[in-house]
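**Q** Below are the sequence and a predicted model for it; my questions follow.
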Amino acid sequence: MEPVEFRRRLHAHPELSFKEHDTAAFIADRLTELGIEHRPIARTGVLAWIEGRGKADPKRRAVVLRADIDALPITEQNDIGWRSCTPGVMHACGHDCHTAALLGLLRSMTQHRAALKYNVRFIFQYAEEPDPGGAIDMIANGCLAGVDRIYGLHVDNQLSVGTIGIKDGPYMAGSGRFDVTIRGQGGHGALPHLTTDVLGAVCHAVSAIDAIPGKLLGPGEEGIISVCYINGQSAFNVLPAEANFGGLIRAFNDETFEKIETLLRRELHGTCDAYGAAFDFRYSRGYPVLVNHTDQVNTVRAAVQALHLPCRDLLHTFITEDFSRYLEKCPGAYFRLGTGNPEKGAIYPLHSSHFTVDEDALAYALMMYWQIYQNESK
């Protein structure tokens, strides 16, 4: 099978996080066919490896490449021959492309084993989408043992096909979430004077929270707070005794996360005191900030230059990635692979029900990984 065939097979049969059993089996079957050593790892991950000619040198370890394999709970709207066959599940984040690229690279490497000077490892990781993500367990089960460098990529329709995007240092934000329940005295909608205005308190609190990033965070404290859900009682004539809301937080350092938590509590206390309500507040941290390492960023840039591909210097983004957990343990870099092409409908953003890619980009993924590997082998 070719990378495009791999991708279409994976796209048609997506699986949600922690349930990627058939996907892992498909990957393992392809590795067996290629004669590649591999083993299952953690819950539904797969770890593969090829030993290069430098394996006898104890100073030589391995470069590792990672792909994520899970899909999203989205109903696909694309009218294509490889449309998702799984109701309500779709590869709307390009993980099928990431996996297909590594499988294609493995196939190519088996055909050029004699040229492999350096050990190479392949991580097929489950559950990238939901916090806390699968990387924690993959690392705990030894996927980085004996590794020198790690690289990964993500498809991006905001970049034209064949364009590579990279940023040195802090690139993708750390994540957090908050959940709030506001409580009071419920009652009849026609007798509001006998109740606590819980919904009014929620509305006021949400407005105050929305103002925090723009008005209360200073220079060097860039962050976002997004209220993503609000739930209350559904009866039209009942004022609820409680309602809840919550959402996500993104920032680039611990100090900003701590300040945001303090400000959230302050706004909730002030609002609920004014309305005579009580509240419960839950705050948690998720993925760490993804920080690319300078030497490996330079390796990626050198690969781009050797291949004569266009390269874009990226700005930091509030999107998160649990590739950050690998970069806390091992030097490496995470870059973007352009997949956008209006002529092929590859214009929709990640997590869209219409998301698709220009599959020509898979060839550039293989070229980049090969060149990065060759640079590391020198």
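**A** Sure, I can see it.
**Q** can you list contacts of stretch 221-241?
**A** The list of residues contacting stretch 221-241 from outside it, by C-beta atoms under 8 Å, 6 or more residues apart in numbering, reads 173, 178, 183-190, 192, 195-199, 202, 206, 209-210, 212-213, 217, 243-252, 255-257, 259-260, 264, 318. Every C-beta, even on glycine, is put in place using the N, C-alpha and C of the backbone.
**Q** could you list every residue that touches residue 367?
**A** Counted by C-beta under 8 Å, 6+ apart, residue 367 has contacts 307, 309.
**Q** Need the single longest helix in the protein, by residues.
**A** With DSSP state H applied, the helix covering the greatest number of residues in the chain is identified as helix 254-275.
**Q** Pull out the buried residues from it.
**A** For helix 254-275, burial by neighbour count (16 or more other C-beta atoms under 10 Å) applies to 256-257, 259-261, 263-264, 267-268, 271-272, 275.
**Q** From residue 122, how far off is the closest residue to residue 359 other than its chain neighbours?
**A** Counting by C-beta to C-beta, 6 or more residues apart in numbering, the nearest residue to residue 359 once its immediate chain neighbours are dropped is residue 4, at 4.9 Å. Here the criterion is C-beta to C-beta, to the nearest Å. By it, residue 4 lies 19 Å from residue 122.
**Q** Select only the buried ones of the contacts of stretch 221-241 in ChimeraX?
**A** The command below creates a ChimeraX selection of those among these that count as buried (16+ other C-beta under 10 Å):
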select :173,178,183,184,186,187,195,196,197,198,199,202,206,209,212,213,217,243,244,245,246,247,248,249,250,251,252,256,257,259,260,264,318
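**Q** Just the contacts of stretch 221-241: which are in strands?
**A** 178, 183, 187-188, 243-251 (DSSP state E).
**Q** what would the residues you listed look like in TSV with distance to residue 282 and pLDDT?
**A** As requested, those are arranged in TSV below (distance: C-beta to C-beta, whole Å; pLDDT from 0 to 100):
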residue	distance to residue 282	pLDDT
178	7	98
183	14	97
187	27	95
188	30	95
243	15	97
244	10	97
245	12	98
246	8	98
247	12	97
248	13	97
249	12	97
250	17	97
251	18	97
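**Q** For these, could you give me CSV that also reports distance to residue 25?
**A** Formatted as CSV, the ones in strands among the contacts of stretch 221-241 follow (distance: C-beta to C-beta, whole Å):
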residue, distance to residue 25
178, 38
183, 48
187, 56
188, 57
243, 44
244, 40
245, 41
246, 36
247, 36
248, 33
249, 37
250, 35
251, 39
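**Q** related to what we said a few turns ago, the residue nearest to residue 359 and residue 101, how far apart?
**A** From residue 4 to residue 101 the distance is 11 Å (C-beta to C-beta).
**Q** again with residue 185
**A** In this structure, residue 185 lies at 58 Å from residue 101, with C-beta to C-beta as the measure.
**Q** cool, residue 252 as well?
**A** 29 Å.
**Q** same deal with residue 65?
**A** The span separating residue 65 from residue 101 equals 9 Å under the rule C-beta to C-beta.
**Q** Tell me which stretches of the stretch 201-350 of the chain form helices.
**A** For the stretch 201-350 of the chain, applying DSSP state H, counting those that start in this stretch gives helices covering 212-215, 254-275, 294-307, 323-329.
**Q** so where's the stretch 251-378 of the chain uncertain?
**A** Along the stretch 251-378 of the chain, the model assigns pLDDT under 70 to no residue.
**Q** Would you mind measuring the gap between the ends of stretch 349-365?
**A** Distance between the boundary residues of stretch 349-365 (C-alpha to C-alpha, to the nearest Å) amounts to 19 Å.
**Q** who's in contact with it?
**A** By C-beta under 8 Å, 6+ apart, the list of residues contacting stretch 349-365 reads 3-4, 7, 72, 74-78, 80, 90, 92-94, 97, 100-101, 104-105, 153, 155-158, 161-162, 164, 307, 309, 319, 337-341, 344-346, 348.
**Q** right, and residue 84 touches residue 91 too?
**A** Yes: with the criterion set as C-beta atoms under 8 Å, residue 84 and residue 91 qualify as a contacting pair; they are 7.2 Å apart.
**Q** Determine the residues that are contacts of both of those two.
**A** Each of 11, 14, 71 lies in contact with both residue 84 and residue 91 under the rule C-beta under 8 Å, 6+ apart.
**Q** from the residues you listed, which is closest to residue 378?
**A** The shortest gap between residue 378 and any of the shared contacts of residue 84 and residue 91 belongs to residue 11, at 35.9 Å (C-beta to C-beta).
**Q** No more questions from me, cheers.
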